[in-house]
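Asker: Could you work out the structure for the sequence below:
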Amino acid sequence: MLKVLFGRPERNCAGVSRRNFLQVGSLGLGGLTLPGLLATRGAAESQTVSKDTSVVWLWLNGGPTHIETFDPKMTAPAEFRSVTGEVKTAVPGVTLGGNFSGLARQADKMAFVRSFSVPSSSHNRAAFWVNTGHAHDAKHPSLGSIASRVRGPNHTVSGMPTYIKMGQIGFNTEVQRIPGPAWLGKAYAPFGPSGPARENMNLTTKVARLEDRRSLLKKLDQLRRETDASGIMQGIDGLNQQALNLILGKATQAFDLAKENPAVVAKYGDGLGASLLTARRLCEAGCGFVAVSLQGWDMHGNVRGGMNKRGPQVDRAVSAFVEDIYQRGLDRNILLVVSGEFGRTPRINKRAGRDHWGRLSTLALSGGGLEVGQIIGESSPKAESPKSGLVTPQDLMATVFHVLGIAPDTHFEDPSGRPTPMLGGGKPINGLV
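Answerer: Prediction:
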């Protein structure tokens, strides 16, 4: 089950002092504190954005099979077609893999890209391509970190971090680097339970992971009461007060699903569903880019069993998210991207699984003001490669730039002082924008 909510307090909040409060938001970023991050919003060389929009990126870590997800190929020979069958969707002539009946009902609010190609079949190299639009050796900043650099690390009104990560992307030693800021600097790293932005967050209580929601909120409530009684809030400056308000107010409220309509919580479900519901709430509170990861997609054997386990989780959570943002009128403000690092081999192997395949994979998108209810691109008859409408990681990156209002020519100076473009020539996916 994906762990969403951050951490377990290790000791109580007694003995609160003014000095303790000036430690609130210590982010473990080489001495940079949360008040410091809030200050950089005004001091940084930000480039103007024209939209207050958000991206929720659902990362299926390990490389989801494109055939059993969104391109079932039931007219192909038996060793190529979807082993889970297919389901008809709300869009005439469009089918999805057999595990996705919920998404099928929401297909008129989604676009499925069947011609996405990644220049690598290595987990970490491909993950780097998809998250940055560039080759692994380029050490290029990720999309979330670019958004954080352009907008500033925190929302100017709510103080909410611009870039939040839930769950890991990539494998082994590369896990922390793949969705990171590279040479943009640690101030633009993702704010997450396992990232550097939370390593030393202190509220006199050391919080390393926000996992025990009920216990954490109890401690925060205690801290808030002691704060009000002591009058400390009147003795700290504006940026420290904003940092404290973030920790005690909007951030915890966004993560606290007890404040959500119980019927909505029930529709999303636990695990991944709770993650995506939290992501929607974070976006409403001012977060610009939320990366949510679900493990378990490296299906070298028994792809049918793997899909029967993972597919329904994604189906329930994503269909609830899509329906929710459209019902709330958030579909022009929030873009959902469902991706992994690559697809899987078209031919079933001897272990009834599929191996790594960068030449072709699929994407699912919803919201963001995009043109939905359609299929983008076409794969070859055996789902081996794009037949038409090739989409690259650069094109996906350009589409995200468009939704977030980031100028295509945005560039920053690298450590050598050379102006470096963030986008390398990609264009928004044709037919979506």
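
Asker: in the stretch 151-300 of the chain, which spans are strands?
Answerer: Taking DSSP state E, counting those that start in this stretch to define them, one finds strands in the stretch 151-300 of the chain at 163-166, 289-294.

Asker: Deepest-packed of those strands, please.
Answerer: strand 163-166 (a mean of 28; mean count of other C-beta atoms under 10 Å). C-betas here are computed from N, CA, C, even on glycine.

Asker: helices or strands up against that one?
Answerer: helix 143-151, helix 272-284, strand 289-294 (3 or more C-beta pairs under 8 Å, 6 or more residues apart in numbering; DSSP states H and E).

Asker: Now tabulate these in JSON lines and tack on distance to Gln106.
Answerer: Output for the helices and strands packed on strand 163-166, formatted as JSON lines (distance: least, C-beta to C-beta, whole Å):
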{"stretch": "helix 143-151", "distance to Gln106": "24"}
{"stretch": "helix 272-284", "distance to Gln106": "13"}
{"stretch": "strand 289-294", "distance to Gln106": "18"}
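
Asker: could these go into CSV alongside mean pLDDT?
Answerer: Listed next are these as CSV, based on pLDDT from 0 to 100:
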stretch, mean pLDDT
helix 143-151, 95
helix 272-284, 95
strand 289-294, 95
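
Asker: wait, which of those is closest to Thr399?
Answerer: helix 143-151 (10.4 Å; C-beta to C-beta).

Asker: just the angle between the closest one and strand 289-294, please?
Answerer: 170 degrees (axes from the mean of the first three to the mean of the last three C-alpha atoms, to 10 degrees).

Asker: Show me which positions of helix 143-151 end up buried.
Answerer: With burial defined by 16 or more other C-beta atoms under 10 Å, the residues of helix 143-151 counted as buried are Leu143, Gly144, Ser145, Ile146, Ala147, Ser148, Arg149, Val150, Arg151.

Asker: And these, which two are furthest apart?
Answerer: The largest separation in the buried residues of helix 143-151, counting by C-beta to C-beta, is between Leu143 and Arg151 at 12.3 Å.

Asker: so where's the stretch 251-400 of the chain uncertain?
Answerer: Along the stretch 251-400 of the chain, the model assigns pLDDT under 70 to residues 251-252.

Asker: still on that earlier bit, and Asp315, which of the helices and strands packed on strand 163-166 is closest to it?
Answerer: Between Asp315 and the helices and strands packed on strand 163-166, the tightest spacing by C-beta to C-beta is seen for helix 272-284, at 10.0 Å.

Asker: what's in contact with the closest one?
Answerer: 2, 4-5, 54, 56, 58, 160, 164, 166-167, 254-255, 257, 260, 264-265, 267-268, 290, 292, 294, 313-314, 316-318, 320-321, 324-325, 330, 333-334 (C-beta atoms under 8 Å, 6 or more residues apart in numbering).
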